[in-house]
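>>> Quick one, fold the following:
(2 chains, ligands or ions: 2)
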Amino acid sequence: MDAKVIKPEAEGRDDNALKIVGTSPVRPDGVPKVTGLARYGADFALPGMLWGAILRSPHAHARIRAIDTSKAGSLTGVKAVITSADFPEQKYEFVGPERVAINFWHMTRNVMAREKVLYEGHAVAAVAATSKAIAEAALRLIEVDYEPLPHVIDVDAAMQPDAPLLFEDMITRGVEPPPKNASNISKRTELNLGDVDAGFAAADEIVEMSFKTAPVHQGYIEPHACLARFDAKGQGEIWAASQGHFVVRAFTARLLNMNIGDVLVHPAEIGGGFGGKTVIYVEPLAAALSRKCGHPVKIMMSREDVFKSTGPTSGSSMTVKIGARKDGTLVAADGLFKFQAGAFPGSPVMNATMCGFAPYNIPNVRSVGYDVVCNRPKSAAYRAPGSPISAFAVESVMDALAAKLGMDPLKFRLMNACKTGTPTAWGPKHAHDGYAETVKALLAHPAYAAPLGKNQGRGFASGFWFNNGGESSATVHVNEDGTVVVATGSMDIGGSRASMAIMAAETLGIAYDDVRAIVADTASIGYTHVTGGSRVTFATGIAVVEACRKVIAELCARAAMIWKLEPGEVIWENGCARPADAAAGKLEPMPLKAIAAKRALTGGPIGAEASVNAGGAAPGFATELCDVEVDPETGGVKILRFIVAQDVGRAIHRSYVEGQMEGGAVQGIGWALNEEYIYDDAGRLLNAGFLDYRIPVASDLPMIETVLVEVPNPNHPYGAKGVGEVNIVPAMAAVANAINNAIGRRLTELPMSPPKVLAAIHSGQK
Amino acid sequence: MSKHHVTTTLNGNAVEFLCETQQTLLEVLRDELHHTGTKEGCATGDCGACSVTLDGRLVCSCLVLGVEAQGKSIQTIEGMAEGTSLHPLQRKFLEHAALQCGVCTPGILIAARALLERNPDPSEEEVRFWLAGNLCRCTGYNKIIDAVLDAAHEMRGG
Ligand code: FES
Ligand code: FES
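Residues are numbered from 1 along each chain as shown, chains lettered A, B, ... in the order given. Ligands and ions are numbered 1, 2, ... in the order given. Next up is the predicted model:
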């Protein structure tokens, strides 16, 4: 299925000047990845290496009265045993930007339980031994004296005044005056724009509905794994698959009370993350074990551990109300979003409150969020964290409201679409266009009006995601043969080496194959934030282009020296230095290769580093079309057609941009139809494996169709916008709206699994 | 507990190893024979990342014991290319950008080769059902299916 590219503002732009940007060359790291030679987190070994294993809580909630590790410690072959006593206490404070604040007091307790275990699978101790089998045997010798406590799993139940408390002294933040009693509500946030009550008073039609979504796991195929080697001097190295080796370094050093400079993290290839590998689990444990015994220690999580102990994204309970005038103009929106944070505060509910209504120009908005702890693993980022959840509610209500108004759901969205200058509920005005263009792309698509058969339905939905910029570093070195090495600090999770090489080759004016892009370790490049928030092509791309421009300036200076001209008299064009004006003489342009060959004579190695804190990231918008067929006998839903129209700014590596859109849509389809955490009455997860936690497989799906809408970002040298995340945002609502169109029943609870669909078909209510 | 001595063939080469009774073929390949191209995604037979062939049969190496490899011929991803010349499936996976993170790729390539050996001209649906045991969380499968169909076309001499 050929993807489409739409360039709404192509007039006046010279896209033809771009030679490599927008093509799809083979990635530099491709061959090792198809021959099995690429090394992922679990693929490293060192002489004398030990195997680490982690003892995990069988209880959803219990006080730890005592842990006796003496028997385990004296088992032959066991070299180290650790518990929370091996980690220093951390200060209780929230640090960093409010949306993504971190509290190390929580983090150290999440990697190793202290006073209490707060979820089944919570780590309580770890051992390192000479074989996997001995390490496992040692775990069985550790005696933990638990006092089981009542637990709570559901978010609404956790908010009740008599709910079992995870933290007996937690007072809700964000409420004035602060509540007197402790609760599981970590935080309340509220956004306001205009006057919601007045807005609803002016509405002709109002729709209000409540929704529930299940927590879902990122489902990366590679379980967390690392190898750590720490020595008695207190220096160490870690090989880990993560979305950010600088973050692994910072967090591990902090939890072990070490200097950041004493920890070196090597970037292993990463087998998927989707946000779930922006935090640490096994790294500080392997490091602490290694530090204790002086041998290298490797830890691999099992798939069961991944499901029970690492971050899913939040489940939620939400109520959304939207009002419009008869002509379709939106006048007011009110949202209540209650999110399960899991065992420690920090759900993405604030993002949810911000993103839900963001695609629309609504003069009066209130958006309230609750961050609620419960006895589940601590939630972690998952692709546009929070936004898909609120979008499920908002976009379902938008669909119902369009029906009530008798309007086409896409035209209804288009007439209310945000654009540059539209106010947002969180303060600043939108600074970029792009949303309306995604809606128009689907309105113009042949699928929009294609006929449907029996039991079939069509749904639409839209989504917004911020996209990040931030800190990134890159170096560019010109080799003596005229090839170029580009190093960055960004883990390559889906082809970013290729997009870095494209941008470098385009900027330098040389061939793609003459650029080798690598990911450097934490000692070899400047700080670079995680590969997340769709930030790499934007922010790290800016660093690469800036470093290339410095290299170009140096190449021009070297050419000037060779030609005996002033540096300002030479410019760079098509990969060559040439005199700035023809009058400078009849000198042939000097290619990069020729300058590189003379580098020793003109001053030595040629290279540059650029470190940036990139602002100006443009948000992502996507609108999706879904056609389904519902089996009235079984309630099974088959996806017949799925189209993602996304504003990508400008695609740097076209195939990998399409790949992000296809992959994000399919994750959303899994979230919509199959995926959920199922607990028993004791708070134990019943489906901690890929057999029962069913992510989409190839036979579940049609070809996902993509429409790349290119509204370039003026703040990036090639117009790039983040493309990794927003594609998942509309997906669940698009599926729900299609099911509603097929069966005339609106499903408000995820996943929309066959029993629920069947119940809806058989229910009287619409 | 003494280990078992196993004699087998790995990617055409005679190999001997010692393993514990409970060690799976996946663990033996990765931990004893240092062939880490075969991946562990679940160790319960649900993801296909560990796919290898045993006497030509496609298996999840996490569900096979190391001792079961005695006298058999194992093919892993490390043996798929002929020297420096990639198998058409490997080449097409690169050309079609059929991998993002790439951790599912070795298993999918082994499974796809097993398909094309049995059915050189599969339909899209046949490819989708054959690969239904191989999870990929990154790609949404489009480009994997395209790459397999394109490789099949090329291998048929198309
Ligand atoms: S690791 Fe064998 S099927 Fe998943
Ligand atoms: S490419 Fe990442 S799981 Fe398939």
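>>> Please name the residues that touch the closest residue to residue A:731 other than its chain neighbours.
Leaving aside its sequence neighbours, residue A:731 sits nearest to residue A:668 (CB to CB, 6 or more residues apart in numbering or on different chains; 2.2 Å). (Glycine included, C-beta is placed from N, CA and C.) Contacts for residue A:668 were tallied using CB atoms under 8 Å, 6 or more residues apart in numbering or on different chains; they are A:388, A:727-732, A:734-735.
>>> Need the max-distance pair from those residues.
Across the contacts of residue A:668, the longest distance by CB to CB is 13.7 Å; it joins A:727 and A:735.
>>> Between those two, which has more neighbouring residues?
Per other CB atoms under 10 Å in any protein chain shown, whichever of residue A:727 and residue A:735 has more neighbours is residue A:727, with 34 against 29.
>>> near ligand 1, which residues of chain B?
For chain B, the residues in contact with ligand 1 (CB under 6 Å from any ligand atom) are B:40-43, B:45-50, B:60, B:62.
>>> Out of the residues you listed, name the ones that lie in strands.
The strands, defined by DSSP state E, take in residue B:60 from these.
>>> out of the residues of chain B next to ligand 1, which are buried?
B:40-43, B:45-50, B:60, B:62 (16 or more other CB atoms under 10 Å in any protein chain shown).
>>> tell me, which of these make contact with ligand 2?
Answer for these near ligand 2: none qualify (CB under 6 Å from any ligand atom).
>>> Make JSON lines out of these and add distance to chain A and pLDDT.
Listed next are these as JSON lines, based on distance: CB to the nearest CB, whole Å; pLDDT from 0 to 100:
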{"residue": "B:40", "distance to chain A": "7", "pLDDT": "98"}
{"residue": "B:41", "distance to chain A": "4", "pLDDT": "98"}
{"residue": "B:42", "distance to chain A": "4", "pLDDT": "98"}
{"residue": "B:43", "distance to chain A": "6", "pLDDT": "98"}
{"residue": "B:45", "distance to chain A": "8", "pLDDT": "98"}
{"residue": "B:46", "distance to chain A": "4", "pLDDT": "98"}
{"residue": "B:47", "distance to chain A": "5", "pLDDT": "98"}
{"residue": "B:48", "distance to chain A": "9", "pLDDT": "98"}
{"residue": "B:49", "distance to chain A": "6", "pLDDT": "98"}
{"residue": "B:50", "distance to chain A": "11", "pLDDT": "98"}
{"residue": "B:60", "distance to chain A": "12", "pLDDT": "98"}
{"residue": "B:62", "distance to chain A": "10", "pLDDT": "98"}
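>>> For the residues you listed, give me TSV that also has distance to residue A:687.
Below are these laid out as TSV (distance: CB to CB, whole Å):
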residue	distance to residue A:687
B:40	20
B:41	16
B:42	13
B:43	16
B:45	16
B:46	11
B:47	15
B:48	19
B:49	19
B:50	21
B:60	20
B:62	19
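>>> with these in mind, which one is nearest to residue A:231?
Set against residue A:231, the nearest of these by CB to CB is residue B:40 (28.8 Å).
>>> how does chain B divide into domains?
Chain B breaks down by automatic domain parsing into domains covering B:4-79, B:88-155.
>>> Then chain A?
According to automatic domain parsing, the ranges for chain A are A:41-151+A:218-309, A:319-340+A:354-467+A:618-765, A:471-614.
>>> for the buried ones among the residues of chain B next to ligand 1, which one is nearest residue A:486?
When those are ranked by distance to residue A:486 (CB to CB), residue B:49 comes first, at 30.2 Å.
>>> Contacts only, for the closest one.
A:221, B:38-42, B:103-104, B:106-107, B:134-135.
>>> try residue A:239
Residue A:239 touches A:41, A:44, A:226-228, A:265-266, A:268, counting by CB under 8 Å, 6+ apart.
>>> Pairing partners for the helix or strand hosting it, with directions?
Residue A:239 is part of strand A:236-240, with elements assigned from DSSP states H and E. Using DSSP bridges, strand A:236-240 pairs in its sheet with strand A:225-230 (antiparallel), strand A:263-267 (parallel).
>>> Buried ones in the first one, by neighbour count?
The neighbour-count criterion (16+ other CB under 10 Å) identifies A:225-230 as the buried residues of strand A:225-230.
>>> Stretch A:547-563 now?
Per 16+ other CB under 10 Å, stretch A:547-563 contains these buried residues: A:547-552, A:554-563.
>>> Next: stretch A:742-757.
For stretch A:742-757, by 16+ other CB under 10 Å, it's A:742-743, A:745-754, A:756-757.
>>> Narrow the residues you listed to those in helices?
Those of the buried residues of stretch A:742-757 mapping onto helices are A:742-743, A:754, A:756-757, per DSSP state H.
>>> With pLDDT as new columns, can the residues you listed be given to me in CSV?
Putting those into CSV (pLDDT from 0 to 100) gives the following:
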residue, pLDDT
A:742, 98
A:743, 97
A:754, 98
A:756, 97
A:757, 98
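>>> and which of those is nearest to chain B?
The closest of those to chain B turns out to be residue A:754 (CB to the nearest CB; 18.0 Å).
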